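Engineer: Fold the stuff below for me.
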Amino acid sequence: MIYFDNSATTVCLPEAAEAARRYMTEEYFNPAAAYAPAVRLERDISQARSAIASKLGASAQELVFTSGGTESNNTALIGSLSAMRGKGRVVISATEHPSVYETAMELRERDWDVQIAPVDETGRVRLDGLAALLTKDTRLVSCMHVNNESGAVNDVPAIHALVRRSCPEALLHVDGVQAFMREDPVPCDLYSVSGHKVHAPKGVGALYIRKGVRVKPYLIGGGQESGMRSGTTNAPAIMGFAAAVGGLDAHRAEYAEAVFAVKKRLFENLSRIRDVRLNGPEIGSGAAHILNMSFMGVRGEVLLNALSERGLLVSTGSACAAHKRGKNRILNAMGITGDRQDGAIRFSFSHFNTKAEADEAAALIEEQVTLLRRFRRR
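Structural biologist: This is a model prediction of the structure:
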């Protein structure tokens, strides 16, 4: 099997899996309890919080553990706006993940003035288009750091400066799920991350909340996470998350180079196939781990199934939208329509992938594309 769908999820690092196992079977206590083993566990979680927060350039007090990216994004949008008086404008980019986009649509139903900022043909937020939407009553701006389908990397520092200049009271939320441990920290008020995208267990994530930003919790109960998220602390997943972050950080430059080498090799191989188009930024300008390409004359879903049957696992877009039929909202926003949209495939990589896999995958893809085009012409 060749797994080229690491934007959907990643394999758990051995040290992360071992940490989770240990905190399920040995240090299995509830950290809210008062006896010594539980106090020791709470101390371990505090150290994990500090370690993860440091990779965001944040303090431990600014990091809230969640169940993952979706909860972090929902909390950032709904929680911050619920803490404000009155309503106003919310601006998101056209290529946001469903956990931001659908939340914004729900806010629109609640009479918030939701506006969609355009992106260019590579998937990056257009600063001029965003600037035109920023008004004095703008309360929140939300944009991705790295787009999960195109690999476009937004200029968050420029967006942050624009928001501060145009509407100083507005909050800037950044969905950093695909950027965490891959891109450098950026200035913002809220930043979402997810464990299973960085080789940690599923079911854990975090939300950075800049000191002084008010966010209303919507899980009410025992007051865990400094009152921001009640519920029994998921210690095994949190400790696995910290172990994964530590494992990646120790080899960050080496892994990034290896991931990009696989992406570049696959792109060069696939570019030799007739009628293939790159969707997103130029090969060296986007995220190192995401490549989106269209195979003209072939339906992406059909090609995906053909490849899957032969052991190559890829995607046609966000895993959260994999079972929804219809047009691809992200590619539409980039101006990619018709046959080019129909034939789009996303490849995403980790440091476990190799250039040999890129060669093998490209040969299989060329074989199947040639075959499927022949059938389609009949």
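Engineer: tell me the domain boundaries of the protein?
Structural biologist: 2-9+251-377, 14-249 (automatic domain parsing).
Engineer: Single out the most deeply packed of those.
Structural biologist: Scoring those by mean neighbour count under mean count of other Cβ atoms under 10 Å gives domain 14-249 as the most buried, with a mean of 20. (Each C-beta comes from the backbone N, C-alpha and C, glycine too.)
Engineer: next one: that domain to chain centre, how far?
Structural biologist: 10 Å (Cα atoms, centre = their mean, to the nearest Å).
Engineer: Quick one: end-to-end distance for that domain.
Structural biologist: Start-to-end span of domain 14-249 (Cα to Cα, to the nearest Å) is 15 Å.
Engineer: send the alpha carbons of the one helix or strand in the chain whose mean pLDDT sits lowest over as PDB?
Structural biologist: Ranked by mean pLDDT, DSSP states H and E, the weakest helix or strand in the chain is helix 355-377, scoring a mean of 93. C-alpha atoms of helix 355-377 as PDB (Å, rounded to 0.1, in the frame of the first residue of the first chain):
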ATOM      1  CA  LYS A 355      10.700   8.900  -3.800                       C
ATOM      2  CA  ALA A 356      10.500   5.300  -4.800                       C
ATOM      3  CA  GLU A 357       6.800   5.400  -3.800                       C
ATOM      4  CA  ALA A 358       6.400   8.500  -5.900                       C
ATOM      5  CA  ASP A 359       7.900   6.700  -8.900                       C
ATOM      6  CA  GLU A 360       5.600   3.600  -8.400                       C
ATOM      7  CA  ALA A 361       2.500   5.800  -7.900                       C
ATOM      8  CA  ALA A 362       3.200   7.800 -11.000                       C
ATOM      9  CA  ALA A 363       3.600   4.700 -13.100                       C
ATOM     10  CA  LEU A 364       0.300   3.300 -11.800                       C
ATOM     11  CA  ILE A 365      -1.500   6.600 -12.300                       C
ATOM     12  CA  GLU A 366      -0.300   6.900 -15.900                       C
ATOM     13  CA  GLU A 367      -1.500   3.400 -16.600                       C
ATOM     14  CA  GLN A 368      -4.900   4.000 -15.100                       C
ATOM     15  CA  VAL A 369      -5.400   7.500 -16.700                       C
ATOM     16  CA  THR A 370      -4.500   6.100 -20.100                       C
ATOM     17  CA  LEU A 371      -7.000   3.200 -19.600                       C
ATOM     18  CA  LEU A 372      -9.800   5.400 -18.300                       C
ATOM     19  CA  ARG A 373      -9.400   7.900 -21.100                       C
ATOM     20  CA  ARG A 374      -9.700   5.200 -23.600                       C
ATOM     21  CA  PHE A 375     -13.000   4.000 -22.100                       C
ATOM     22  CA  ARG A 376     -14.400   7.500 -21.800                       C
ATOM     23  CA  ARG A 377     -13.900   8.100 -25.600                       C
END
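Engineer: Give me the contacts around that helix.
Structural biologist: 2, 4, 261-262, 265-266, 269-270, 272-273, 295, 297-299, 302-303, 306-307, 310, 312, 347 (Cβ atoms under 8 Å, 6 or more residues apart in numbering).
Engineer: In strands only, show me those residues.
Structural biologist: Among these, DSSP state E puts 2, 295, 312, 347 in strands.
Engineer: Pick out the most distant pair among those residues.
Structural biologist: Farthest-apart pair in those is 2 and 295; separation 17.2 Å (Cβ to Cβ).
Engineer: For the residue nearest to residue 339 when sequence neighbours are not counted, what are phi and psi?
Structural biologist: Nearest non-adjacent residue to residue 339, counting by Cβ to Cβ, 6 or more residues apart in numbering: residue 296, 5.4 Å away. Main-chain torsions, residue 296, degrees, to the nearest 10: phi -60, psi 140.
Engineer: thought residue 296 was touching residue 303?
Structural biologist: No. Using Cβ atoms under 8 Å, residue 296 is not in contact with residue 303; the gap is 11.4 Å.
Engineer: Cool, thanks, talk later.
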